[in-house]
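Engineer: Okay, structure incoming, though there's no sequence with it:
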């Protein structure tokens, strides 16, 4: 199953690169800054901004390459992120453990499609694979044990999102991210607690120069 997941990620990455290369001659290239925060639920209302729903943040640079007229293109970002963990599941399962804050570098590569709404504003959708590199943290320590399980230094997954573009420079979107690799090695002895492939929702704002 893991091989199938990695094959999917590689296939999506190759597809993005082929398309970007094919449209490069006539494409419009823009650079920008992207920032946002993770949320613990996907309810689209004012509660999503509640501090209790924020599990982390990400910030970094992004590059957009779009073919004119057809509205197809790609987006490549390099994001520094900080992740905090909600460990309430440990209480429900009767197993207490602590997780250190996780710092990472994530590189998502997405196919992107834009639609213009009466020339007033735009709507976009995008999807693709991402690679993630651990900088620090993310380690698990079971209660009353001296052993600490280290999180893996590399991960991969897929993400998808949609949002609106305002004034030709601002994009506000909501994104779903699903990991396709485990966070920890299989020999930890902690079963499904460590084998979970986390998913997250995030809200991001991007400014293109």
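Structural biologist: In hand now; what should we look at? Owing to the predicted nature of the structure, the values given are computational and were not obtained by experimental measurement.
Engineer: From residue 133, how far off is residue 119?
Structural biologist: 41 Å (C-beta to C-beta, to the nearest Å). Just so you know, the C-beta spots here come from the backbone N, C-alpha and C atoms, and that holds for glycine as well.
Engineer: by contact count, what packs against the helix or strand where residue 32 lies?
Structural biologist: Under DSSP states H and E, the secondary-structure element containing residue 32 is strand 28-39. In this structure, strand 28-39 makes packing contacts with strand 54-66, strand 72-83, strand 199-208, judged by 3 or more C-beta pairs under 8 Å, 6 or more residues apart in numbering; DSSP states H and E.
Engineer: Give me the buried positions along the second one.
Structural biologist: What it means is strand 72-83. Of all the residues in strand 72-83, those buried under the rule 16 or more other C-beta atoms under 10 Å are 72, 73, 74, 75, 76, 77, 79, 81, 82, 83.
Engineer: what does the shortest one give?
Structural biologist: Along strand 199-208, these residues count as buried under the neighbour rule (16+ other C-beta under 10 Å): 200, 201, 202, 203, 204, 206, 208.
Engineer: Note down every partner strand of it and its orientation.
Structural biologist: Strand pairing for strand 199-208, determined by DSSP bridges: strand 28-39 (antiparallel), strand 170-179 (antiparallel).
Engineer: which residues are contacting the shortest one?
Structural biologist: This means strand 170-179. With C-beta atoms under 8 Å, 6 or more residues apart in numbering as the test, strand 170-179 has contacts from 36, 42, 44, 124, 130, 132, 155-166, 197-208.
Engineer: Hmm, which of the buried residues of strand 72-83 is lowest in pLDDT?
Structural biologist: Within the set of the buried residues of strand 72-83, pLDDT is lowest for residue 83 (87).
Engineer: and the gap between that one and residue 120?
Structural biologist: According to C-beta to C-beta, residue 83 and residue 120 sit 36 Å apart.
Engineer: Ok, residue 76 next?
Structural biologist: When C-beta to C-beta is applied, the distance between residue 76 and residue 120 equals 28 Å.
Engineer: From residue 204, how far off is residue 27?
Structural biologist: Noted for residue 27: a distance of 22 Å to residue 204, by C-beta to C-beta.
Engineer: go on, residue 118?
Structural biologist: Applying C-beta to C-beta to residue 118 and residue 204 gives a distance of 25 Å.
Engineer: Now distance to residue 141 too, for the helices and strands packed on strand 28-39, in a markdown table please.
Structural biologist: Formatted as a markdown table, the entries for those read as follows, by distance: least, C-beta to C-beta, whole Å:
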| stretch | distance to residue 141 |
| --- | --- |
| strand 54-66 | 19 |
| strand 72-83 | 16 |
| strand 199-208 | 22 |
